[in-house]
Each structure stands twice: as C-alpha cells, then as structure tokens.
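**Q** please work out how this folds:
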Amino acid sequence: MVLSKGFEVEIYTGQPTGEIVGLSDRIVRDLDGFVREPDSRNVEYTTAPAHHYDQLLCDLVRPRLQLRQYLQTLGNYTLIPGSTLALADHQQFYRSDPNNPYHSYIEQTYGTSVVTASIHINIGIADPEELLRACRLVRMEAPLFLALSASSPFLGGQVTGYHSTRWAVFPKTPTQVPLFTSHQHFIDWTESQLLQGTMQNVRHLWSSVRPNGNCRPYDLNRLELRICDLVTHPVHLLAITALLEARILQLMDDPNLDPLMGSYLSSNPDHLMALADANEVAAATHSLDATLIHWQDGRRILARDWIEELYTEVWPTAKQAGFSCFLSPIHQILTQGNDAQKWLAQSEQGQSISQTVQAAIAEMTQTEIDLRDKLCEPIAV
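**A** Model prediction:
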C-alpha cells in the first residue's frame, strides 16, 4: 500500500547576488500553475497528488525549471534558497495584491513575520478518523521533520541564533491548537474559532500539521505537514516525505501508535500538546542537535538520535511498500547536516552571509541542472 503525496512549494525570487526581488505579479500573470503569496517576494506552486516517488521528483523539478527560464526573460533573476529574508529588508511588506482584504488583514496583523518560504507536504488519507489519528502522531513528531529541513539561520543579514528562524517567528494561529480527538472535535473546534474570530477563515489554521480537504472542516482527505523549512534539494525532500509516509503507514497497521493510546501522557491531551509545542521551539533553535522529550516515554533524546531510531523502525514498512530506497538520503542529512547547519558552519569559518547565500544559490541551480537531463523532457515557456 502506498499513499498519494503532493507538495506546496513557496520560494523566493531575486538576483544571483542574493537580493530578493518581488516578481510574483508577473509570474502569476504569465505562467500557469503559480499563485501569489501576500508579499510579492515569494511565489508558490503545487504538485498534483502522485503515488510514486519518481513521478514526484519530476513534478518538483519541472515547474522550477520553467520558472527559471521565465525569470531569465525578465533579467538576471534566479531562485533563492532558504526560508527567511536572509539578506533582505525584513521590516517592510511588499504587497502582491493591494486589493485583497485577506492580504490586508495578514499584513496589518502579522507584518513580515509571515514573509517566509517553506514546503508543505500533503499525504492523502481518505478516512477522516484515520486522518485525525495520523495528525495526532505527526503533531508529536513534527519537530523531527523541522530538524531535518531547517534552512533559515539568517534574517536581514544577521545570524539569528535559530536554525529555523522561520518557525521561531512564524505566528502559529490560533496560539493553542489541541490534539483533535476525533473528526467531530475538529469540526466543533473550528466552528468555535471562526465564531470567536481567532480564525478569519478555514485556511487560517497555521499549525505544524493540520487536516485538509475540499470543504474544511467537514470534507477532509489529506494530512498537511506545514512545519518544514524550504528543502531545495528534491532528493532530500523525497526522503523526508518517505519517512513521513512510512510512519503514517506504520500507524495504520498499529493504532497503538496513536499518542492518545501509546503515550505516558495519554490521559492528558493538553500535556501532550504542550510537549509538542516545546519540542518545536527546541527544534527551531538547534534542529538536529536539539534535545527533545520523547512523547512515548518522556526520555530526553537528541533529535538526530530520535530520527535514527525512527528510520530503523519504519524501514521495514517502507520496504514492504516499495519505496525504502528513497529513505536513504536521511542518513546523508544526519551526517552532513541540514542547510542551516552547513550555512552556519560556513559563517563560523569566516564566510560572509552574502557569500554563503550566493554559494547556496549556485548549488541549488546546479542541482536542478544535473537533474534536468536525467528526469524531464525539455521545458517550453
């Protein structure tokens, strides 16, 4: 059994020097498949649900190649890795759609703390109760996926002290989101938030993971993991996705992995929620080197060691489902570090933040060139 998977990819545009430039109005006007974010400096594309990882790899790369070709027609523009405005003005909001009232609310309420780039991973789960069970488990383990993906140690030309500045500053909304005990609990809670005004609409649920579907909160069909920073290397993103899918498949085979059943805090969902939130803060700060509290037994454990344990645990499930080979880059990330750790190491060795960002831009470009001829047919703009 394999599940459907798809991505929402938010990415900055700018110059090879690292300067981020808002171009989303022209991109959305001229290219199919791209949509605006409230700030014009990043743009989003979505991949269609797919079951097989080789298809997902091409679906990730093709729009980026198309976007790169288009940007060259506008000038010397490129795509910028990272999940925060590493070198850019992080005080002023650059509206992509001045007439959009929801965008006005976002700007006035949150400012530039929402002007981030990220990856949202969607996993198809048809049964709503099974979906909510998966959301509970993934909520408890979302910090591990943040640790693997962290790519935002800089903001406005400064080292921030976080590996994921994005998740450290992003306004999680509402401020407290429970572990939903059932589909009806999710429906009742969402309706209550809308009445109270803590959510402006059904999309205004900005937590690490959420149930998603065609008519939230009633018609649900997928889990959306929102915590990950932008992972620009497609093979690494597939590995992170494979780890997530294998864990969900494992839960489907063993309902005792539900935190409401198999945790030392099972009888107190509020304590589980607080534990998950604290682990997210730790992972945003130190990523793979963060000390976390394991939700099952309360022991303190380094994020990298927990990920290693999880990898070993889910590998048989992934092998049985036929995608274990896509898991292997997890070890590379654990050994070599995530993007944030690599960039901070370069900074500590005396490289300027500008030089680090420029090198990352060049590396991202080369990776896509290397994949282009292997995977995809020629791109037409």
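**Q** in a strand, that's where residue 301 is, yeah?
**A** Yes: counting by DSSP: H, G, I helix; E, B strand; the rest coil, one finds residue 301 located in a strand.
**Q** what sits closest to it if chain neighbours are left out?
**A** residue 294 (5.3 Å; C-beta to C-beta, 6 or more residues apart in numbering). From N, CA and C alone the C-beta is placed, and that goes for glycine too.
**Q** quick one, phi psi at that neighbour?
**A** Backbone dihedrals for residue 294, given as degrees, to the nearest 10, come out at phi -70, psi 130.
**Q** same thing with residue 77?
**A** When read as degrees, to the nearest 10, the backbone of residue 77 gives phi -120, psi 160.
**Q** residue contacts, it?
**A** 13-15, 21, 23, 71 (C-beta atoms under 8 Å, 6 or more residues apart in numbering).
**Q** what's the most distant pair in these?
**A** Using C-beta to C-beta, the pair of those lying farthest apart is 15 and 23, separated by 10.6 Å.
**Q** so those two - more neighbours on which side?
**A** residue 23 (22 against 16; other C-beta atoms under 10 Å).
**Q** any regions of this structure where pLDDT drops low?
**A** For the chain, the stretches flagged by pLDDT under 70 are 375-381.
**Q** now the strands for it?
**A** 5-14, 34-36, 42-46, 78-80, 119-124, 154-155, 158-159, 209-212, 222-225, 291-293, 300-302 (DSSP state E).
**Q** as JSON lines, the ones you listed with distance to residue 266 and mean neighbour count would be great.
**A** Below are those laid out as JSON lines (distance: least, C-beta to C-beta, whole Å; neighbours: other C-beta atoms under 10 Å):
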{"stretch": "strand 5-14", "distance to residue 266": "29", "mean neighbour count": "22"}
{"stretch": "strand 34-36", "distance to residue 266": "40", "mean neighbour count": "18"}
{"stretch": "strand 42-46", "distance to residue 266": "36", "mean neighbour count": "22"}
{"stretch": "strand 78-80", "distance to residue 266": "44", "mean neighbour count": "23"}
{"stretch": "strand 119-124", "distance to residue 266": "24", "mean neighbour count": "22"}
{"stretch": "strand 154-155", "distance to residue 266": "39", "mean neighbour count": "25"}
{"stretch": "strand 158-159", "distance to residue 266": "40", "mean neighbour count": "14"}
{"stretch": "strand 209-212", "distance to residue 266": "19", "mean neighbour count": "24"}
{"stretch": "strand 222-225", "distance to residue 266": "21", "mean neighbour count": "22"}
{"stretch": "strand 291-293", "distance to residue 266": "15", "mean neighbour count": "18"}
{"stretch": "strand 300-302", "distance to residue 266": "19", "mean neighbour count": "13"}
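**Q** figure out which of these is closest to residue 270.
**A** Residue 270 lies closest to strand 291-293 among the strands of the chain, at 15.1 Å (C-beta to C-beta).
**Q** helices or strands next to the closest one in the packing?
**A** helix 269-286, strand 300-302, helix 303-321 (3 or more C-beta pairs under 8 Å, 6 or more residues apart in numbering; DSSP states H and E).
**Q** again, only this time at 10 Å
**A** Applying 3 or more C-beta pairs under 10 Å, 6 or more residues apart in numbering; DSSP states H and E, we find strand 291-293 packed against helix 128-149, helix 269-286, strand 300-302, helix 303-321.
**Q** just the ones you listed: most buried one?
**A** Comparing the helices and strands packed on strand 291-293 by mean neighbour count (mean count of other C-beta atoms under 10 Å), helix 128-149 comes out on top with a mean of 25.
**Q** if we can go back for a sec, you'd agree the residue nearest to residue 301 is up against residue 309?
**A** Yes: the pair residue 294 / residue 309 is scored as a contact, 9.1 Å apart, by C-beta atoms under 10 Å.
**Q** now do the shared contacts for these two.
**A** residue 301 (C-beta atoms under 10 Å, 6 or more residues apart in numbering).
**Q** need the overlap of contacts for residue 15 and residue 23.
**A** By C-beta under 10 Å, 6+ apart, the residues touching both residue 15 and residue 23 are 71, 75, 77.
**Q** and the residues you listed as JSON lines, adding distance to residue 50?
**A** Formatted as JSON lines, the shared contacts of residue 15 and residue 23 follow (distance: C-beta to C-beta, whole Å):
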{"residue": "71", "distance to residue 50": "26"}
{"residue": "75", "distance to residue 50": "34"}
{"residue": "77", "distance to residue 50": "29"}
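**Q** residue 126: which of those is nearest?
**A** The nearest one, if we look at the shared contacts of residue 15 and residue 23 relative to residue 126 and count by C-beta to C-beta, is residue 71, at 38.3 Å.
**Q** distance-wise, check the residue lying closest to the closest one once chain neighbours are set aside relative to residue 20.
**A** Excluding the flanking residues, the one nearest residue 71 by C-beta to C-beta, 6+ apart is residue 77, at 3.9 Å. As judged by C-beta to C-beta, to the nearest Å, residue 77 and residue 20 stand 10 Å apart.
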